[in-house]
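Colleague: quick one: sequence plus predicted model below, questions after.
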Amino acid sequence: MRDLVPLPLPPLVIYRSAVVLWCGKRTPPDGPPVADIAWVHGDDSQAPLHRSSLAGAQVLIDDIDMIEGQNYDVFRGACSRTLAAPPLVTYEGVSLFLSAWWQSGPRMWWADLLRIVDDPAISPRRPRVVGRRVPAAEVQRLDGQDYRPVPRLRASVW
C-alpha cells in the first residue's frame, strides 16, 4: 500500500506578469517545447463562488519565467509530463486548493487548504504557497470539481 500524502500544487511560474501553475510540458515533433499553465478563473468579487474553476492554456516555454525557490525538477529535460492541481473549494469566501482531508478523533475532520500568496510588499516577485488547516465543516465544495483524488488521512499528532 502506498503512503498517502497531501496533494501538492504544481510549481509556480510567471506568465505575462501573472503567477500561474506550471502543470505540464510537451515537446511537439514539429515545434518548440510548450508548457501547460493553469490559474483560478472567476475568483473575483463579480463572480459567484460556485463558478470558480481552474482555467488553462498552452504557451511556449520561452514565454514563462521561473521563480526562485520553486522546484522544477519534474520538468527537466525533454520529458512529456502533466501534473494535476488539487481541486478548488471555498473558505471564508475565497477559492483555495484542497490538498487533504484529516481526521482527528472519531468525528472531527479538518481540511488542508493551499493558496498562492503574491504580495510584492512582503517579497517582490517571490510568490509562495501557504497552507492552512481548517475545520472541514467550514469548507464548501464547488460544482464541477473532482474530489476523489484528495486523500483522507488520519492525524496522529498535532
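Modeller: Right, received. Where do you want to start? The structure presented is a predicted model; accordingly, all values stated were derived computationally and were not measured.
Colleague: packing partners of the helix or strand bottoming out on mean pLDDT in the chain?
Modeller: Using mean pLDDT, DSSP states H and E, strand 81-82 stands out as the lowest-scoring helix or strand of the chain, at a mean of 87. Using 3 or more Cβ pairs under 8 Å, 6 or more residues apart in numbering; DSSP states H and E as the contact definition, the elements that strand 81-82 packs against are strand 18-26. The way it works is simple: take the backbone N, C-alpha and C, and place the C-beta from them, glycine included.
Colleague: can you list the strands that the helix or strand following the strand it packs on pairs with?
Modeller: Using DSSP states H and E, the next helix or strand after strand 18-26 towards the C-terminus is strand 34-41. Strand 34-41 pairs in its sheet with strand 18-26 (antiparallel), strand 53-60 (antiparallel), by DSSP bridges.
Colleague: sorry, back to before: parallel or antiparallel, list what pairs with the least confident helix or strand of the chain.
Modeller: Paired strands of strand 81-82, defined by DSSP bridges, are strand 18-26 (antiparallel).
Colleague: what bits of this protein have low per-residue confidence?
Modeller: Within the chain, the segments meeting pLDDT under 70 span 1-3, 43-51, 78, 120-125, 155-158.
Colleague: the strands in it, which residues?
Modeller: Remark: strands of the chain, listed N- to C-terminal, are 12-15, 18-26, 34-41, 53-60, 64-66, 81-82, 88-91, 94-104, 108-117, 128-135, 140-141, 152-154; assignment by DSSP state E.
Colleague: just the angle for the longest one relative to strand 128-135, thanks.
Modeller: With axes from the mean of the first three to the mean of the last three Cα atoms, to 10 degrees defining the directions, strand 94-104 sits at 50 degrees from strand 128-135.
Colleague: contacts only, for residue 21.
Modeller: Shown here is residue 21, whose contacts under the criterion Cβ atoms under 8 Å, 6 or more residues apart in numbering are 9-13, 37-39, 85.
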